[in-house]
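S.K.: I would like to see how this sequence folds:
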Amino acid sequence: MGLFSFTQEIAIDLGTANTIIICNDKIVVDEPSVVALDRRTDKLIAIGEKARQMHGKTHENIRTVRPLRDGVIADFYAAEQMIRGMIAMINNKPRLFAPSLKMVVCIPSGSTEVEIRAVRDSSEHAGGRDVYMIYEPMAAAIGIGIDVEAPEGNMIVDIGGGTTEIAVISLGGIVSNKSIRIAGDDLTADIQDYMGRQHNIRVGERTAELIKINAGAALTDLDDAPEDYIVHGPNRMTALPLEVPVSYQEIAHCLEKSISKIEAAILSALEQTPPELYADIVRKGIYLAGGGALLRGLDKRLTEKINIQFHIAEDPLRAVVRGTGVALKNVDKFSFLMR
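M.R.: Residues are numbered from 1 along each chain as shown. Prediction:
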């Protein structure tokens, strides 16, 4: 990386919950998608993990924003600041010229033209010269290590923070896809709601997220049961402090509704699948990627419900960005990348 190396190639997984960047085959940035801005001047105060620690704990002069909601850009200015800041994290060496960036960015498969345009514009404003787009399930499939160009069907279920992407892939294209806006964030909101109703305790988004990670489950009887998670918070009526142990069975009950919606979406994607590809999928199984794949017992529950074996990708949180990194190297070869 000398004085005059002008192009830098990066792959970005712009997620609702986390943004990950790959540069030279290494993951260089893996940060939560949160930005902290000064309310008076709109200047950037912090991004990523630093901003996440401020989330829900700010005074009136600081606002923390999650620029992406449901997989699409909700706050254009904040998104641009975030992409810019995260790219700056890679280039911490002082340079004479800012390098022009060639980037591949993932987008949800249900994105409208406008949403795709927003991602492209943000990336270009942040310094991208050549911006390519790839659909998330496609990237996840490449990241899992599937040969996407082969003439056989593979089904990917990518449960992210804002969207659940379900796609059947064959011959380097998406045959049938379903993108629903029920995903990790909704599970977190369900837990917040449940704690308020059932235990009369107010919990914030971050605490609900911790409950989901530490005691979240999709089945009420697990072989390796997690321990109860202790939650501290104010009583909703009296505002006196409460300490509530939460068991995974409760969480499994409270997530029931959202998970059954995900099941319904998988079934509806299978209905649209041509029979030849369906046969391939039954033979190979269905791959789970994204942070939602880490929910305990989810693969087992889906396998029992749908009667097709579900496999969790290794390192499901990073499957998408790994696939995007591979796509970056083969920009000329892969025909499914969009300009």
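
S.K.: show me what secondary structure element comes after the top helix by length along the chain.
M.R.: Taking DSSP state H as the criterion, the chain has its longest helix at helix 248-271. Going down the chain from helix 248-271, the next helix or strand is helix 275-284, by DSSP states H and E.

S.K.: what segments of the stretch 51-200 of the chain are strands?
M.R.: Along the stretch 51-200 of the chain, the stretches classed as strands by DSSP state E, counting those that start in this stretch are 62-65, 68-69, 72-73, 100-107, 128-135, 154-159, 164-170, 173-180.

S.K.: who does the third one pair up with?
M.R.: Okay, so that is strand 72-73. strand 68-69 (antiparallel) (DSSP bridges).

S.K.: pull the distance from the partner strand to the chain's centre.
M.R.: 10 Å (Cα atoms, centre = their mean, to the nearest Å).

S.K.: also stretch 32-45?
M.R.: On Cα atoms, centre = their mean, the centre of stretch 32-45 falls 22 Å from that of its chain.

S.K.: distance between the ends of it?
M.R.: Stretch 32-45 has an end-to-end distance of 15 Å (Cα to Cα, to the nearest Å).

S.K.: do stretch 237-254 as well
M.R.: 22 Å.

S.K.: who touches that stretch?
M.R.: Residues outside stretch 237-254 that contact it (Cβ atoms under 8 Å, 6 or more residues apart in numbering): 190-191, 193-195, 198-201, 211-212, 215-220, 222, 225-226, 228-235, 296-297. Quick note: C-beta positions are derived from backbone N, CA and C, even for glycine.

S.K.: now that stretch: mean pLDDT?
M.R.: For stretch 237-254, mean pLDDT is 92.

S.K.: surely residue 183 and residue 295 touch.
M.R.: No - counting by Cβ atoms under 8 Å, residue 183 sits too far from residue 295 to count as a contact (10.9 Å).

S.K.: any common contacting residues for those two?
M.R.: With Cβ under 8 Å, 6+ apart, residue 183 and residue 295 have common neighbours residue 159.

S.K.: for residue 106, give the beta-bridge partners.
M.R.: Counting by DSSP bridges, the residues bridging with residue 106 are residue 134.

S.K.: brain fart, residue 101
M.R.: residue 8, residue 128.

S.K.: so who does the residue nearest to residue 191 when sequence neighbours are not counted touch?
M.R.: Spatial nearest neighbour of residue 191, excluding adjacent residues (Cβ to Cβ, 6 or more residues apart in numbering): residue 208 at 4.3 Å. For residue 208, the contacting residues are 188-189, 191-192, 195, by Cβ under 8 Å, 6+ apart.

S.K.: pull out the buried residues from those.
M.R.: The neighbour-count criterion (16 or more other Cβ atoms under 10 Å) marks 188, 191-192, 195 among the contacts of residue 208 as buried.

S.K.: what's the closest of those to residue 312?
M.R.: residue 188 (20.1 Å; Cβ to Cβ).

S.K.: okay if I get the strands of the stretch 51-200 of the chain as a markdown table plus mean neighbour count?
M.R.: As requested, those are exported to a markdown table (neighbours: other Cβ atoms under 10 Å):
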| stretch | mean neighbour count |
| --- | --- |
| strand 62-65 | 18 |
| strand 68-69 | 20 |
| strand 72-73 | 23 |
| strand 100-107 | 23 |
| strand 128-135 | 20 |
| strand 154-159 | 28 |
| strand 164-170 | 26 |
| strand 173-180 | 19 |
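
S.K.: export those as JSON lines, with columns for distance to residue 17.
M.R.: Shown next, in JSON lines, are the strands of the stretch 51-200 of the chain (distance: least, Cβ to Cβ, whole Å):
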{"stretch": "strand 62-65", "distance to residue 17": "14"}
{"stretch": "strand 68-69", "distance to residue 17": "9"}
{"stretch": "strand 72-73", "distance to residue 17": "14"}
{"stretch": "strand 100-107", "distance to residue 17": "14"}
{"stretch": "strand 128-135", "distance to residue 17": "18"}
{"stretch": "strand 154-159", "distance to residue 17": "11"}
{"stretch": "strand 164-170", "distance to residue 17": "13"}
{"stretch": "strand 173-180", "distance to residue 17": "16"}
